[in-house]
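I'll drop the sequence and a predicted model, then ask my questions.
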Amino acid sequence: MRTLALLLLCASGAACAVDDALVLRCRALPDTASRLACYEALPVAPPAEQRFGGKRLEQKVDDEPAAIRSTVRGNVDGWRYGTQLTLANGQVWRVVDDVDAVLPELTDPAVRIERGALGAYYLQLEANNSAARVVRVK
């Protein structure tokens with residue numbers, strides 16, 4: 001069943017994280033049961049929110065959201081070029097704006113990261129609308 005879902009997902013135009021070599025290896029197996037087990041062991045693409053902001057500019061992902069919401073772990077009192085912010089969902093984003101922001105200290109502030117033009121991403125603090133251009137590190 002998982003194999004069918006994976007094949008339908010790939011056929012629908014969604015990004016497939018499966019390496020072609022792995023699929024060819026499974027297809028070459030002569031025994032039906034072992035071929036099915038091989039297909040079911042193939043990795044499945046992570047959810048769209050986890051792929052958000054990943055370095056895949058050459059492949060436009062149709063199901064990637066236009067923005068995500070999360071919280072920054074810990075205290076935030078501002079940022080400058082190079083500051084890294086770790087979100088509650090495990091993603092790490094680095095500020096690439098050359099404008100410093102000095103803010104009142106916030107603990108676990110809510111943020112929104114949205115896609116901009118030409119592959120840019122912008123992180124916005126929901127508490128005071130401060131925003132910075134960011135790139136995803138992890």
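Structure received.

ok, Gly90 - contacts?
Lys138 (Cβ atoms under 8 Å, 6 or more residues apart in numbering). Where C-beta positions appear, they are placed from N, C-alpha and C, glycine not excepted.

could you redo the last one with a cut-off of 7 Å?
For Gly90, the contact set (Cβ atoms under 7 Å, 6 or more residues apart in numbering) is empty.

and for Ala66?
Here Ala66 is in contact with Glu114, Arg115 (Cβ under 7 Å, 6+ apart).

ok, which stretches of the protein are strands?
67-71, 75-79, 84-86, 92-95, 101-107, 110-115, 121-125, 131-136 (DSSP state E).

out of the ones you listed, which gets nearest to Arg25?
strand 131-136 (30.9 Å; Cβ to Cβ).

got a list of contacts for that closest one?
53-54, 79, 91, 93-97, 101, 113, 120-124.

please repeat the previous calculation with a cut-off of 8 Å.
Contacts for strand 131-136 (Cβ under 8 Å, 6+ apart): 52-55, 79, 85, 91-97, 99, 101, 113, 116, 120-125.

let me know the angle separating that strand from strand 75-79.
100 degrees (axes from the mean of the first three to the mean of the last three Cα atoms, to 10 degrees).
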